[in-house]
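Visitor: When you get a sec, could you give me coordinates for this:
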Amino acid sequence: FITVEDLVGSVEVLVFPKDYERNRDLLVEEQKLFIKGRVSVGEDPVGKLVCEQMIPFESLPRQLWLQFSDKKAYDDSIEKVMECLKTSEGQDRVVIYLASERARKILPANWQVSCEESLLLKLYEILGEKNVKAVQKGIESIGKMN
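Guide: Prediction:
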């Protein structure tokens, strides 16, 4: 049994030995985790969570949004942007947005990047900080991780 807590409260989690061994390196105090499971309500007035999956926050996929004011701005700087994106490989999708046209395009999977600070800093130089955003996706956006 482990106890996890967030800003709202705490809950006891039942972790089976096989799952514990597989995830023991994640079970560190102050580690941010999502724990998926099912609720077990027994004789206690407070239920327990039976762990089915542990997912560290940093493994959740993100989207990298790159905003251009219009098609002309896109045409003027897309070559530099793509050169920059080539230097990063990862699991994060890239979304290009043209503000005045209100057009959005998600780049194909072979253009996925890792939204690390070094990549973001390079893109800030090209597009400006207000036009580059890394957006964390929800836990629902990942498949079963075993």
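Visitor: So for Gly143, what's the pLDDT?
Guide: Gly143 carries a pLDDT value of 51.
Visitor: Centre of the chain to stretch 129-139, how far?
Guide: Its chain's average C-alpha position is 9 Å from that of stretch 129-139, according to C-alpha atoms, centre = their mean, to the nearest Å.
Visitor: Just give me the neighbour total for the closest residue to Gln91 other than its chain neighbours.
Guide: For Gln91, ignoring the flanking residues on the chain, the nearest one in space by C-beta to C-beta, 6 or more residues apart in numbering is Pro61 at 5.4 Å. Yep, even glycine has a C-beta here, placed from its N, CA and C like the rest. By the measure other C-beta atoms under 10 Å, the count of residues near Pro61 is 17.
Visitor: same deal with Glu116?
Guide: Glu116 has 12 neighbours, counted by other C-beta under 10 Å.
Visitor: Quick check: chain neighbours aside, which residue is closest to it?
Guide: Closest to Glu116 by C-beta to C-beta, 6+ apart is Ser88, at 7.0 Å.
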